[in-house]
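Peer 1: Compute the structure for the input listed below.
(one chain, ligands or ions: 2)
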Amino acid sequence: MEYITSFEELEKYLKLTPQEKAWHEETTCVPLKITGYYMALINPEDPDDPLRRQAVPTVSENKDVFMESSDPLAEVSHSPAQRLIHRYGNRVAFLATDICAQYCRHCFRRRFTGNMTGPASDGDVEFACEYLKTHREVREMLFTGGDPLTLSDEHIDRIIGEFRKVSPELVIRICTRFPAVQPDRITDSLVNIFKKYSTAPFYLMTQFNHPRELTAQAIEAVSRFVDRGIPAMNQTVLLRAVNDNADVLEELCNALVFARIKPYYLFQGDLVSGTSGFRVPLAKGLEIEKELRKRLSGLAMPLYAADLPEGGGKVPLCGNYIEGCENGVWKFTTIHGTSRLYPDPQA
Ligand SMILES: *Cc1c(COP(=O)(O)O)cnc(C)c1O
Ligand code: SF4
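Peer 2: Ligands and ions are numbered 1, 2, ... in the order given. Okay, the predicted model is just below:
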């Protein structure tokens, strides 16, 4: 697999803009790494191509703005160990590696991602297993990173096997961007590894941010999971000048449903250092959400959500359809703006 990791290589494909050329790598940045597959999806004639914006760094990443931090979700303080985050009572995130196939310029976990600390050690896995044993309230695990599918098949097999041994009923989410950036990583033998451990379900969590990422190859990659009974869910990040309009998101969500991928979350950008160029004003996000709710089916509609600063956790972002309640009668606004009454049951 070929990767583009330097400006010299990048310039063979694209005529770089001054903003792109002015980027310099800092500790707060994720490295430059683009797959050959994804590069081929970028239109070299368009400096504002929405796929290019997600993959090619610009100088706006070197800017720190008000209230941004490297860890706004306070993941570090919610980590019982370096590779385990326990922020919500019944679910944990295991950071299998910090490495990704391709680095997203908007990455929210950049304090960790691409630091080149590499795959979790056997000790990290052992610690997580002990933790699962002593915290029986944990029902779900996010197998994440970085991108866990950068690990070899054998390594994935070993880690998942360990988790299954201590916690056969743990629901595991495989969080990966591979289907969008390097779909040929998704092979039948990879899917077979997960299928071996079928005492509890797996869910595939993808990240498609733009309809053009949903290529025939990407859909085929996801189908390998879905055909074998592993459902697919998608998390989209709302990104300025990438997908911050209702038309693009409507097309994306309908295409996802058609590909048997349920749109799960639409994330408001976190306050992560160097990502201000990607954040969309909340009022605009709410407008888009309102419009999508009119156009999309319940199946196609993702939940717009923000992960609040200082580890406040996720909250849904949604228009208010409840106007109030008087003498046990609720007054609602419909999505088209008209009013309706709904009485509570009488005592
Ligand atoms: C988002 C997240 C989860 C999962 O939250 P859901 O709302 O269940 O998708 C779990 N752990 C961490 C640390 C998270 O950031
Ligand atoms: S794939 Fe995920 S962890 Fe990796 S750079 Fe993209 S958002 Fe960050």
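
Peer 1: List of residues touching stretch 124-144?
Peer 2: 80-84, 86, 89-96, 120, 158-160, 162-163, 165-167, 169-175, 205 (CB atoms under 8 Å, 6 or more residues apart in numbering). Using the backbone N, CA and C atoms, a C-beta is placed for each residue, glycine as well.

Peer 1: send the alpha carbons of it over as CSV?
Peer 2: Only the C-alpha atoms of stretch 124-144 are listed here, as CSV (Å, rounded to 0.1, in the frame of the first residue of the first chain):
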residue,chain,number,x,y,z
ASP,A,124,-2.0,-2.8,28.4
VAL,A,125,-4.3,-5.6,27.3
GLU,A,126,-3.8,-7.5,30.6
PHE,A,127,-4.6,-4.3,32.5
ALA,A,128,-7.8,-3.9,30.5
CYS,A,129,-8.8,-7.5,31.1
GLU,A,130,-8.3,-7.1,34.9
TYR,A,131,-10.4,-4.0,34.7
LEU,A,132,-13.2,-5.8,32.9
LYS,A,133,-13.0,-8.5,35.5
THR,A,134,-13.4,-6.1,38.4
HIS,A,135,-15.9,-3.8,36.7
ARG,A,136,-18.7,-6.0,35.7
GLU,A,137,-20.9,-2.9,35.1
VAL,A,138,-19.0,-2.5,31.8
ARG,A,139,-21.2,-4.0,29.0
GLU,A,140,-19.7,-2.4,25.9
MET,A,141,-16.2,-1.7,24.7
LEU,A,142,-15.1,0.6,21.9
PHE,A,143,-12.1,-1.0,20.3
THR,A,144,-10.6,2.1,19.0
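
Peer 1: Can you read off the pLDDT for residue 16?
Peer 2: With respect to pLDDT, residue 16 scores 97.

Peer 1: Does it fall in a helix, a strand, or a coil region?
Peer 2: Following DSSP: H, G, I helix; E, B strand; the rest coil, we place residue 16 in the coil state.

Peer 1: Likewise for residue 204?
Peer 2: Using three-state DSSP, the structure places residue 204 in strand.

Peer 1: so who does it touch?
Peer 2: So residue 204 contacts 173, 174, 176, 222, 225, 226, 230, 231, 232, 233 (CB under 8 Å, 6+ apart).

Peer 1: Can you get me a residue count around the fourth one?
Peer 2: Spelled out, that is residue 222. Residue 222: 26 surrounding residues under other CB atoms under 10 Å.

Peer 1: try the fifth one
Peer 2: Residue 225 is flanked by 24 other residues according to other CB under 10 Å.

Peer 1: Can I get the helix or strand it falls within in CSV? Just the C-alpha atoms.
Peer 2: Following DSSP states H and E, one finds residue 225 within helix 216-227. The C-alpha trace of helix 216-227 is given here as CSV (Å, rounded to 0.1, in the frame of the first residue of the first chain):
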residue,chain,number,x,y,z
ALA,A,216,-18.2,1.1,-4.6
GLN,A,217,-15.1,-0.3,-2.9
ALA,A,218,-16.0,1.3,0.5
ILE,A,219,-19.5,-0.2,0.3
GLU,A,220,-18.2,-3.6,-0.6
ALA,A,221,-15.8,-3.4,2.4
VAL,A,222,-18.6,-2.6,4.8
SER,A,223,-20.8,-5.3,3.2
ARG,A,224,-18.2,-7.9,4.2
PHE,A,225,-19.1,-7.2,7.8
VAL,A,226,-22.9,-6.7,7.3
ASP,A,227,-23.3,-9.8,5.2
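
Peer 1: A strand includes residue 93, no?
Peer 2: Yes - counting by three-state DSSP, residue 93 is found in a strand.

Peer 1: Please report how far it lies from residue 195.
Peer 2: Distance, residue 93 to residue 195, by CB to CB, to the nearest Å: 23 Å.

Peer 1: same question, residue 206
Peer 2: Per CB to CB, residue 206 is found 18 Å from residue 195.
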